[in-house]
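Participant: got a predicted structure plus its sequence, pasted below:
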Amino acid sequence: MIKKMILGALALGFFATSCSSDDDAAAAVSTTSGLTINLDGLEALGDDFVYEGWVIVDGSPVSTGRFSSVAFPQTFQVNTAQLSAATTFVLSIEPTVDPDPLPAATKILAGDFSGNSAAVNSNLVADFSLVEGAYILATPTDLDNTNESSGVWFLDNSSGSAVTGLTLPTLSDGWKYEGWAVIDGTPVSTGTFTNASMEDDNAATSPFKGDAGNGPGYPGEDYLQNAPTGMTFPTDLKGATIVISVEPSPDNNPAPFTLKPLAHMVPSDAMDHTTINMGAGPVTSLIGSVTR
């Protein structure tokens, strides 16, 4: 009889422990809730960077998780209380190896919650609704006047003297503009810049320019030497597409980023040293939704 009582007590203790463990597990599961992110137009980053979501709770950022895949929708588990109290969702671009627990300056999407969802967009980068552009074909960095269609410079000389050819808004922290010539389907950079009235960041270090100087003091590039594999420089940019993109900074991806406020195909009859208007740019914005 005593043996049976002992066994019964052990069984009850095991049952109580099991129930307690199950309750603890259930409680642990119930402390998180799903946050579903569904974004349109986002592109993959280079290997050194990832996207990270954040919810703003009482004015402070709380990470919702990091990701590199741009296949959506994606769902992340977030603390239930914090998610319920969140007022805003923000998406940033972070280093893959990142000792800083706070969001980087490079924020790409944001939106306020209304009920259980937030419509997000990239308007926090800049308002691109009023952008305009112009450029000329010329190769001022060499002494040869037979290859003038092999360079593009973002300036306007229609008045007889050169002025800036780009009307662009100031970007938020963590972003830079970059010019491109898409030659036979391959984009080749003209350099990054933040001020369209000054030379770009690689004016003195470009491998493509000639040996007669940096150029006219505006963003642009001469494609004269050291052509990438599969290309021949000098080239003819007639028929190429000239693009201004917005790039995360720093940026280890050699391709243009998804935000492209200006793009224009060079006319086949374009004249050298003559202003070519890009017109007003398309309204460029990434959009999406976040649901809790």
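Facilitator: Alright, I've got the coordinates. Computed from a predicted structure; not experimentally measured.
Participant: low-confidence ranges in the chain?
Facilitator: Filtered on pLDDT under 70, the chain yields the residue ranges 1-30.
Participant: tell me where it has helices.
Facilitator: In the chain, the segments counted as helices under DSSP state H are 2-30, 80-85.
Participant: how many neighbouring residues does residue 69 have?
Facilitator: By other C-beta atoms under 10 Å, 10 other residues sit near residue 69. Using the backbone N, CA and C atoms, a C-beta is placed for each residue, glycine as well.
Participant: what of the one 4 residues further on?
Facilitator: Residue crowding around residue 73 was assessed by other C-beta under 10 Å; the count is 12.
Participant: could you shift the numbering so residue one becomes 143, and keep it that way?
Facilitator: Renumbered: residue one is now 143, and that last one reads residue 215.
Participant: am I right that it is in contact with residue 180?
Facilitator: Yes: Residue 215 sits in contact with residue 180 when judged by C-beta atoms under 8 Å, with a separation of 4.1 Å.
Participant: only C-alpha atoms, please: export stretch 320-333 in CSV.
Facilitator: Once side chains and other backbone atoms are set aside, the C-alpha atoms of stretch 320-333 remain, and they are given as CSV (Å, rounded to 0.1, in the frame of the first residue of the first chain):
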residue,chain,number,x,y,z
GLU,A,320,25.0,58.4,-58.4
GLY,A,321,25.1,59.0,-62.2
TRP,A,322,25.2,56.1,-64.7
ALA,A,323,25.4,55.5,-68.4
VAL,A,324,23.7,52.2,-69.4
ILE,A,325,25.9,51.1,-72.3
ASP,A,326,24.5,48.1,-74.2
GLY,A,327,22.5,47.1,-71.2
THR,A,328,25.4,47.4,-68.7
PRO,A,329,25.4,50.3,-66.2
VAL,A,330,28.7,52.1,-65.8
SER,A,331,29.0,54.7,-63.0
THR,A,332,29.8,58.3,-63.5
GLY,A,333,30.4,58.8,-59.8
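Participant: list the buried residues for it?
Facilitator: Burial within stretch 320-333, assessed by neighbour count using 16 or more other C-beta atoms under 10 Å, is assigned to 320, 321, 322, 323, 324, 325, 329, 330, 331, 332, 333.
Participant: before we move on, what about stretch 392-409?
Facilitator: Under the neighbour-count criterion of 16+ other C-beta under 10 Å, stretch 392-409 has 393, 398, 399, 400, 401, 402, 403, 404, 405, 406, 408 buried.
Participant: redo those residues as JSON lines? Include distance to residue 275.
Facilitator: What follows is the buried residues of stretch 392-409, written out as JSON lines (distance: C-beta to C-beta, whole Å):
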{"residue": "393", "distance to residue 275": "21"}
{"residue": "398", "distance to residue 275": "15"}
{"residue": "399", "distance to residue 275": "17"}
{"residue": "400", "distance to residue 275": "18"}
{"residue": "401", "distance to residue 275": "15"}
{"residue": "402", "distance to residue 275": "11"}
{"residue": "403", "distance to residue 275": "9"}
{"residue": "404", "distance to residue 275": "4"}
{"residue": "405", "distance to residue 275": "9"}
{"residue": "406", "distance to residue 275": "7"}
{"residue": "408", "distance to residue 275": "12"}
